[in-house]
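Undergrad: build me a structure from this.
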Amino acid sequence: MSEQKPSVGSGGRFQVDVVTEASSTAPTPAPPAPSAPASTDEYKPPEESKARSRSVGFMDPGALGSAMDIGLPPDVLHEPDTMRSDSVSLHSTGTGHTHISDSHSNTYYNRTFGHNTIDAVPNIDFYRQTAAPFGEKLTRPSLSELHDELDKEPFEDGLAYGEEPSAVEEVAMLAAKEGKGGMIKFGWVKGVLIRCMLNIWGVMLFIRMSWIVGQAGIGLTIGIILMATVVTTITGLSTSAIATNGFVRGGGAYYLISRSLGPEFGGSIGLIFAFANAVAVAMYVVGFAETVVEMLNDVDALMTDELNDIRIVGTLTVILLLGISVAGMEWEAKAQIVLLVILLGAIVNYFIGTFMPTESKEPKGFFGYNSAIFLENLGPDFREEETFFSVFAIFFPAATGILAGANISGDLTDPQSAIPKGTLLAILITGVTYVAVAISTGACIVRDATGDHNDTVIDAVNCTVQDAACSLGYDFSICKEGGCQYGLMNDFQVMSLVSAFGPLISAGIFSATLSSALASLVSAPKVFQALCKDNIYPGLGVFAKGYGKNNEPLRGYVLTFCIGLAFILIAELNIIAPIISNFFLASYALINFSVFHSSLANSPGWRPSFKYYNMWVSLAGAILCCVVMFVINWWAALVTLLIVLALYIYVSYKKPDVNWGSSTQALIYNQALTHCLNLTGVEDHVKNFRPQCLVLVGYPNSRPALVQLVHSFTKNVGLMVCAHVKTVTRRPNFKELSQDHARCQRWLNKKRIKAFYTPVYSDNMRHGAQFLMQAVGLGRLRPNTLVMGYKNNWSEGDMRNLEIYINTIHDAFDLQYGVAILRLQDGLDISHIQGQDELMSSNEKPPGGGKEVVVSVNLAKDSDSDSGFSKTTSTQSSLILRETKIPLSLTDQRLLETSQQFKKKQGKGTIDVWWLFDDGGLTLLIPFLLTNRSKWGDCRIRVFIGGKINRIDHDRRAMATLLSRFRIDFSDINVLGDINTKPKKHNKLTFKELIEPYRLKEDDMEQEAAERLKAQEPWRITDNELELYKAKTNRQIRLNELLKEHSSNAKLIVMSMPLARKGTVSSALYMCWLETLSKDLPPLLLVRGNQQSVLTFYS
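TA: Have a look, this model is predicted:
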């Protein structure tokens, strides 16, 4: 009860007494503040207060010594025993620091709304991740702290349940704290808007835009620009939605996609996106180098030849850019601003030039704004086999670059606000700029011009309506034959001609290429660093390390530089360029698909603050991106898709140990829930029957043979639940139960066993099994078959355990379950053997380089050791120890070998099915399912049935007909005509010796004493019972003889399990039957269905 004040003696978990005298033997009120110790480093609490400080969960009990330093109210210091001081609580941040708070920082007098409670009011610091960069994580009071009894044993260590931050978490948190002081963060203008504009305004604006207008005309060019803008705008909206659905860390496109769609898509796209940015550096630098070399060529100043000059200039340029990047983000941002100013100057210079036509420029096709030129250039004039889509493919890369801001998301002050504003505004500004350039060039410049002043028209009356140049006094008709060097169609540098100051356009081209190269050089390492930090691809962790206050990925910069330099030296990027464009488009497609997928999954966690998005629009954007990929270059699109698919398959196969709450998980949950609900409305049909097994196995790694065999016939066919009944002699610890559940499920997943682990606490095994059989499952996904291990040591332990074991079988039949019991002669339980598979996660392993193993120390081996039940007592525990070489006994060696026999391929042999009684077909269905597995594929089914000597052929034909109708292959059918022959005398004597200790022998005592003993020990066998079931006893003995005769070399025997009538056959007699039937045989699976058909021969 959290509302009551605990007494001083109770050691209440959140009671705080400020103690200042270490020599004191009892808590005393604190003296006034001036006498408080100046330092808490040497403060040692008294013995009696140690429990109190430990119960609170602090790491530094002396922290209270400086209470005044953190501004506690005076009454807390002077009156520690008052009601008000009682509710002061300490919260550990998980960093080794302790915060004294009153359930909410700095709100002491409002802390409890007038009530004394340790409940915490809502606080943003409770919701931070461990390594939160913008604040420390606080820990709210746990449910145990609020709900458990006040006299409950306090925690031994500072943190709850011994949980302490790992070394990795501590380092991360320290790094986050150190970084707060000097990290360079950018706002939305400098961080996103400027970067996106510089990346979108590429060389295309200056050297290809005029050519596109000449080919497609003004109308279609605007259409091309709008199409590209639609794709980028939809992607921008999707990016904004994802970016505002929670805190965004560094990693840009990779971070957005991986946290939305999961590591499979994120890991594949992150790698190719980082590579695309690295190669894009080479593309932009080579574009810059080509322009420089052309200028050198014009003045005849080449150093060697053109190709090598491009390599030399490109290498020098990328080295300069690397230097700027390595200098830090601040220098890189300053360089981007300088380049933006130059680029804006070049654009303004061009538009000013369009209003300043001169007579000297007219022969080259520039006449200023003219309606005749505008109308002539309005329609398309495709030449040289160009089409609308080929021109669109050339233009579209100019519209990319919208993720330049998102790619440095880790360096933004507020990514959630900056990415939407900066990206969408950049798309708008650059889109308007492209449209304005298209209209202005189409209205000012003719398509073809000779550049000759003498090509004038004397009489403009004879000009055709289509020829604007003729109406302006020039005759460029000779250009129809080809060879002209000026005009929109022929001169890529026509914007330099139009501009007011030509060299400024060249500076703009330099600015556009260098800014894009610089943005790519920064983006690639940032994305790659985020990818490496997540450890999706093994071996890349070396690139995750960051340096300096901004955590700069210097190793990533060097790697990007090397990749870029390699492609610069190739100097021929015509083949790689379309693949790079498709890599970017694949990223855009997945970002759009992420929004659609997240919306479709309808997860409560999907609630972006940016509302201007639509899931169907995002889906259309994803499809558009894929279409554009094939429009640009169909083979490059195929290559891109194949690479993404290959990486996706690789990451899916490796299954990285990450959990980001992706929309894929949410959608899988939705689908699973929907299908489960749909199944509840459908009646079960025999054709769809599948064994759904509840396997009483205890810890899964303690009985691997049982787990492996059941998995062999349930994998991809039916449900398998590994159940664990924990019988406890102390108060159950549900925290331990939860941790055990996580470990065991991890073990099953690691071993690729498709099963669920379900533990339950109970006072005994029977009740636990009842709970499981009644409660496990969901709708139609419920177990219908109980699978157990045979109780090998039943005769050695307490016979009450045997009574519980047999009654569990009766309960299963009462609940209409089928039952299967597996017996291996050496036993199933290997939990007492040292060195078995561990059930630990990597962060639970002890430090050091040695190999750790789970050693089950079983000081009093459980009497239920082979039946799948475990007792949790003080004598049994799982320890994590260093592996030591301890020689195993021959018995344990043999047990270990047999425990792994179902894990390996079985080879050629037989599965002998002794289908003696018709239980609905489960005894036959399980072997059939086994032979469908590759491990059992070489085994053949032999069927044994009971019959009469004079009807053997008839019975064999009847069974063969039945099996053929069931479409079950078999190698042989054996009819046992001598099944009712009396067993051998020595076997009968052996059975008599077996039951002797368990007989009631009521004839040797008075009736009242016999009834009293039978009531006390119901498992005892009466003489009347023995006589009544004499024939059935002889049958079990005889069957064992036949089994040894016919099936001693079988890989597995599957046999109809004998039934015992409840309330009539004692537990000891039934167990003796099972013991006699199954002893000294190969692996034996006793099976009994619930007498409902599980096989049919109807279609």
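
Undergrad: next SSE downstream of whichever strand or helix holds T808?
TA: Assessed by DSSP states H and E, T808 sits inside helix 799-814. Remark: after helix 799-814, the chain's next helix or strand is strand 818-823, criterion DSSP H and E.

Undergrad: low-confidence bits of this protein, can you list those?
TA: Applying pLDDT under 70 to the chain picks out residues 1-117, 124-137, 143-183, 328, 458-466, 571-576, 834-886, 1099.

Undergrad: dump the residue contacts of S516.
TA: 198-199, 202, 280, 284, 401 (C-beta atoms under 8 Å, 6 or more residues apart in numbering). C-beta here means a position set from N, CA and C on the backbone, and glycine is covered the same way.

Undergrad: 10 Å - rerun?
TA: 195, 198-203, 280-281, 283-285, 287-288, 339, 400-401, 404 (C-beta atoms under 10 Å, 6 or more residues apart in numbering).

Undergrad: likewise N1049?
TA: By C-beta under 10 Å, 6+ apart, N1049 lies in contact with 909-910, 912, 1082.

Undergrad: filter the residues you listed to the buried ones?
TA: Among these, those classed as buried by 16 or more other C-beta atoms under 10 Å are 910, 912, 1082.

Undergrad: still on that earlier bit, by contact count, what packs against the helix holding T808?
TA: If contacts are counted by 3 or more C-beta pairs under 10 Å, 6 or more residues apart in numbering; DSSP states H and E, helix 799-814 sits against strand 693-696, strand 720-728, helix 765-775, strand 785-789, strand 818-823, strand 869-872, helix 1067-1078, strand 1084-1088.

Undergrad: middle-most residue in the chain, spatially?
TA: Residue closest to the mean C-alpha point of the chain, counted by C-alpha atoms, centre = their mean, is N659 at 4.1 Å.

Undergrad: just to revisit the earlier point, may I see the buried residues of the helix holding T808?
TA: For helix 799-814, the neighbour count (16+ other C-beta under 10 Å) marks 799, 801-813 as buried.

Undergrad: cool, stretch 186-202 as well?
TA: Under 16+ other C-beta under 10 Å, the buried positions of stretch 186-202 are 186, 188, 190-202.

Undergrad: next: stretch 242-257.
TA: Within stretch 242-257, the residues that count as buried by 16+ other C-beta under 10 Å are 242-245, 248-257.

Undergrad: show me the two of those that sit farthest apart.
TA: Greatest spatial distance among the buried residues of stretch 242-257 (C-beta to C-beta): T244 and Y254, at 17.9 Å.

Undergrad: quick one: contacts for E1045?
TA: 976, 978.

Undergrad: quick check, it in a helix?
TA: Yes: using DSSP: H, G, I helix; E, B strand; the rest coil, the assignment for E1045 is a helix.

Undergrad: how close does it sit to L1039?
TA: As defined by C-beta to C-beta, to the nearest Å, E1045 lies at a distance of 10 Å from L1039.

Undergrad: overlap of the contact sets of the two?
TA: Residues touching both E1045 and L1039 (C-beta under 10 Å, 6+ apart): L976.
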